[in-house]
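Peer 1: here's my sequence, what's the structure:
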Amino acid sequence: MAVPAPAKISESTDGQVTARRTPTLARALGLAWLTTLIWGSSFILIKYGLKEIQPLGFAAVRYSFGGFILLAYLPFARVSMPRLSAKIWGLFALAGLLAYTVGQGLFYVGQDQVSALTGSFFYSLAPIFVLLLQAIHLRWRPTGLQVTGVAGVIVGALIFYPLQIAAGQWLGILLLLASNVSTGYYLLLTRYLRTTVNTSAGWLTAVALLVGGGILYLPALLLERPPNMSLGALLIIAWLAAVNTALAYTIWN
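Peer 2: This is a model prediction of the structure:
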């Protein structure tokens, strides 16, 4: 018989103490694998979409639309709007700025400069950046197993992704690495919010998507030409917004 996950006691901003069950390790790993499988299709779809849509506008529409889908879904899921302080709402907005305005904005521009293989590979290095940022800012020391895992990733990268493949793609690669730094800070912030604030992943994700995606419209309008999208491009955006964004980011958070 499965043992229930332990309840985590947390205090909401209105002073009420509540219990929230933390997921088991097996369930958390299963959700992480599911999210990874969903996101695996993103790189190919993004490359197809970038043939018709400029990168910043693409990211802005995808993430803001995904935020609206999730925001519309929350009442049907009976997830009420949490009572949070202005500071916490501000942290939700900061998460969106880090993840989508900066992180995904850089990623889309970088992805426009590289192949789908290169984009997916460098995006997969995000956990390494998270470990480094935790060590720097949280004084956290990785375990021997984690260090071994990072070393394995680096060795595997050099074997399966030799530097010759990166030739001519250095600008895009630098943008992808910068995206990983911003995404690493986003993951640290969401970890803090999910472990200290009594709120749902749905509201955190919806606010972050709306703020981060919404801000991206400004550079898109200033720097890019208006899109002329086909039905195929619209379908790609709809799928990415609903499945690869609203659903996947909620599972991940």
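
Peer 1: distance from the chain centre to stretch 91-101, please.
Peer 2: In terms of Cα atoms, centre = their mean, to the nearest Å, the centre of stretch 91-101 is found 10 Å from the chain centre.

Peer 1: correction: the previous question concerned stretch 183-202.
Peer 2: Computed by Cα atoms, centre = their mean, the chain-centroid distance of stretch 183-202 equals 12 Å.

Peer 1: next: stretch 115-130.
Peer 2: Per Cα atoms, centre = their mean, the displacement of stretch 115-130 from the mean C-alpha position of its chain is 12 Å.

Peer 1: can you list contacts of that stretch?
Peer 2: For stretch 115-130, the surrounding residues in contact (Cβ atoms under 8 Å, 6 or more residues apart in numbering) are 40, 43-44, 46-47, 107, 110-111, 114, 150, 153-154, 157, 161, 165-166, 169, 172-173, 176-177, 179-181, 183-184, 187-188. Yep, even glycine has a C-beta here, placed from its N, CA and C like the rest.

Peer 1: need the distance between the two termini of that stretch.
Peer 2: Start-to-end span of stretch 115-130 (Cα to Cα, to the nearest Å) is 24 Å.

Peer 1: any idea of the mean pLDDT for it?
Peer 2: Averaged over stretch 115-130, pLDDT sits at 80.

Peer 1: below-threshold pLDDT in the stretch 1-150 of the chain: ranges please.
Peer 2: Residue ranges of the stretch 1-150 of the chain with pLDDT under 70: 1-23.

Peer 1: do a quick rundown of the strands in it.
Peer 2: For the stretch 1-150 of the chain, applying DSSP state E, counting those that start in this stretch gives strands covering 7-11, 17-21.

Peer 1: one step back: the contacts of stretch 115-130 in helices, which ones?
Peer 2: Residues of those located in helices (DSSP state H): 40, 43-44, 46-47, 107, 110-111, 150, 153-154, 157, 172-173, 176-177, 179-181, 183-184, 187-188.

Peer 1: let me see the ranges of the helices in the chain.
Peer 2: For the chain, helices defined by DSSP H occupy the ranges 25-40, 42-49, 55-76, 86-96, 105-111, 116-123, 126-137, 144-160, 170-196, 201-223, 231-239, 248-252.

Peer 1: which strands or helices does the second one pack on?
Peer 2: Packing contacts for helix 42-49, counted by 3 or more Cβ pairs under 8 Å, 6 or more residues apart in numbering; DSSP states H and E, involve helix 105-111, helix 116-123, helix 231-239.

Peer 1: out of those helices, which is closest to Ile215?
Peer 2: Ranking the helices and strands packed on helix 42-49 by distance to Ile215, with Cβ to Cβ as the measure, places helix 105-111 first at 8.8 Å.

Peer 1: residues in contact with that closest one?
Peer 2: Helix 105-111 is touched from outside by 43, 46-47, 50, 55-56, 58-59, 119, 123, 171-176, 178-179, 182, 216, 219, with contacts defined as Cβ under 8 Å, 6+ apart.

Peer 1: isn't Leu98 right next to Asn180, touching?
Peer 2: No: between Leu98 and Asn180 there is no contact under Cβ atoms under 8 Å: 11.7 Å.

Peer 1: now stretch 127-146: buried residues?
Peer 2: Ile128, Phe129, Val130, Leu131, Leu133, Gln134 (16 or more other Cβ atoms under 10 Å).

Peer 1: just the helices and strands packed on helix 42-49: most buried one?
Peer 2: Greatest average neighbour count among those goes to helix 105-111 (a mean of 26), per mean count of other Cβ atoms under 10 Å.

Peer 1: so how far is that one from its chain's centroid?
Peer 2: Relative to the chain's own centre, helix 105-111 is displaced by 13 Å; criterion: Cα atoms, centre = their mean.
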